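Peer 1: this one's structure only:
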């Protein structure tokens, strides 16, 4: 399996494919075209070519401005932060609002231990009947 590209950005003129499916900066499909024609469009409009999907035939590229590329990078970074990392554990603890004082202290100590071990902790409090 090929290594996934981590960076999202302009590919410049390094395009290994002859035929590309190109999408303009507004999201409209321009259809399949030769690499040279896509580069000409890129230069003509002062845009950058960005690889969107590589595993389809032909690969999909999008013409984007530098600002659009920056915004997409920020979106991807936020999404990556939100997703749990491999090897990271989320500990979940649930108790009622009518919990006894000593039980609450015990659970608080448990939560403190999990946080020291760098686990993410999710606490749910149910309303007592």
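Peer 2: Nice, thanks for sending it over. Quantities reported herein were computed from a predicted structural model and do not represent experimental measurements. Residues are numbered from 1 along each chain as shown.
Peer 1: care to break this structure down by domain?
Peer 2: 19-82, 90-126 (the TED database).
Peer 1: tell me which element residue 72 falls in.
Peer 2: Residue 72 is part of helix 66-82 when elements are defined by DSSP states H and E.
Peer 1: quick revisit: buried deepest among the domains of the chain, which one?
Peer 2: Ranked by mean neighbour count under mean count of other Cβ atoms under 10 Å, the domains of the chain are led by domain 19-82, which reaches a mean of 14. C-beta coordinates here come from the backbone N, C-alpha and C atoms, glycine included.
Peer 1: ends of it, how far apart?
Peer 2: 36 Å (Cα to Cα, to the nearest Å).
Peer 1: ok, now stretch 32-50?
Peer 2: 15 Å.
Peer 1: one step back: check which element follows the helix holding residue 72 along the chain.
Peer 2: strand 90-96.
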